[in-house]
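A.B. asks: can you look at this prediction? I've put the sequence above it.
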Amino acid sequence: MSIKIGTRGSKLALVQTETVIKKLTALGIGTEKVIITTQGDTSTQVPLHEIGGQGVFVRALDDAILAGDIDCAVHSMKDIPAYRPSGLFTAAILKRDSPADYLAHTCSLSGVRTIGTSSTRRRAQLLRHDPDIRIKELRGNVDTRIRKMGAGEYDAIVLAEAGLTRLGIRIPGERFPPEKFVPSPNQGTVAVVSRADPSLMEVLSALDNPQTRTDVLIERAVMEQLGGGCYTPLGIYCRAGHLIAEVLSLDGQRTERIEVDVRTIEQAREEGKKLRGKAGDLIEEAYRQLGITHET
């Protein structure tokens, strides 16, 4: 059996795909790598919320699976939207790497005044920490972001620590504790999405990590209740059933937060509904300020 694996062409996406290929090769499964360009890769000058959010990195790969051009695709799981096309299945979720954000900087920490990020969540959390910080839009792959910081466009940039680790990049900076700077749901997790073919799903399931799957599905259950996707500043993080979730105003000055132990997906949904009830105004306000009229 040989499996056609789709991936974006970014360095990080290719490294994550190679990890999956090595694991499958060790199981005696042949693979073929297929690189697919997504709108998120080509529209790097536009804020994510203006072109459809994190889902733009996933859509082209979904379409290729459904068209039969590839058998499965490898994703950073935080890029996968809450609502998925029928006919697709998350066949494997690899063991989670660091969920934390990392503040990389070239000057001393006390000299950091301008920070680059394209994430409304990171922006809000940084402004909550220090309202006087200047947040400047930053898109592009990890190398591009680091190069722009080195050129003096930013004093610091925020990156996912897991991405730096996977790429073998060591850069001065600080790890943000995920309990305080609550990460995006599923951050630090790699997923393999396939068409709903039982024989294919069975092979790929050998790569699955049950504890990580439970944690990230709890996070996604809360995310589904909150809605908002990458548009709303929200962080959701679960570790071994301990759930932290927060919704922030875009300026970071108001927050609704829960911290609770969760045993089941249904309980996670209930906690998500409670948080949505408390944070509904913040979510609607974010949509209004960003000029978004409905969830996508």
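C.D. replies: Perfect, thanks for sending it.
A.B. asks: buried sites along the helix or strand Asp62 falls within?
C.D. replies: Assessed by DSSP states H and E, Asp62 sits inside helix 59-66. For helix 59-66, a neighbour-count test (16 or more other Cβ atoms under 10 Å) marks 60-62, 64-65 as buried. Any C-beta I mention is one placed from the backbone N, CA and C, and that applies to glycine too.
A.B. asks: again, but for stretch 4-20
C.D. replies: So for stretch 4-20, counting by 16+ other Cβ under 10 Å, buried means 4-8, 10, 12-18, 20.
A.B. asks: for this structure, what spans make up the helices?
C.D. replies: With DSSP state H, the ranges of helices along the chain come out as 11-26, 39-42, 59-66, 120-129, 142-150, 161-167, 198-204, 210-226, 265-290.
A.B. asks: His105: which of those is closest?
C.D. replies: Nearest to His105 among the helices of the chain is helix 142-150; the distance by Cβ to Cβ comes to 7.7 Å.
A.B. asks: can you mark which positions in that closest one are buried?
C.D. replies: By neighbour count on 16+ other Cβ under 10 Å, the buried set for helix 142-150 is 142, 145-146, 148-149.
A.B. asks: what is the nearest of these to Leu207?
C.D. replies: Closest to Leu207, out of all of the buried residues of helix 142-150 and judged by Cβ to Cβ, is Val142, at 24.0 Å.
A.B. asks: returning to what we had before: need the buried residues of helix 142-150 in TSV (columns: pLDDT and distance to Ile218).
C.D. replies: Formatted as TSV, those follow (pLDDT from 0 to 100; distance: Cβ to Cβ, whole Å):
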residue	pLDDT	distance to Ile218
Val142	89	28
Arg145	94	30
Ile146	94	33
Lys148	95	35
Met149	95	34
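A.B. asks: my read: Tyr154 touches Leu138, true?
C.D. replies: Yes - if you go by Cβ atoms under 8 Å, Tyr154 and Leu138 touch, sitting 6.7 Å apart.
A.B. asks: of those two, which one has the most company?
C.D. replies: Tyr154 (25 against 21; other Cβ atoms under 10 Å).
A.B. asks: distance of that one from Thr144?
C.D. replies: Tyr154 sits 12 Å away from Thr144, going by Cβ to Cβ, to the nearest Å.
A.B. asks: same thing with Phe176?
C.D. replies: 21 Å.
A.B. asks: do His242 as well
C.D. replies: Distance from His242 to Thr144, by Cβ to Cβ: 35 Å.
A.B. asks: same deal with Ala64?
C.D. replies: Distance from Ala64 to Thr144, counting by Cβ to Cβ: 25 Å.
A.B. asks: before we move on, what about Thr255?
C.D. replies: Thr255 sits 31 Å away from Thr144, going by Cβ to Cβ.
A.B. asks: next one: Leu290
C.D. replies: According to Cβ to Cβ, Leu290 and Thr144 sit 24 Å apart.
A.B. asks: what's the answer for Ala156, then?
C.D. replies: 15 Å.
A.B. asks: can you check Thr7 too?
C.D. replies: Plainly put, Thr7 is 18 Å away from Thr144 if you go by Cβ to Cβ.
A.B. asks: count the neighbours of the closest residue in space to Val222 that isn't next to it in sequence for me.
C.D. replies: Leaving aside its chain neighbours, Val222 sits nearest to Gly272 (3.8 Å; criterion: Cβ to Cβ, 6 or more residues apart in numbering). Counted with other Cβ under 10 Å, residues neighbouring Gly272 total 25.
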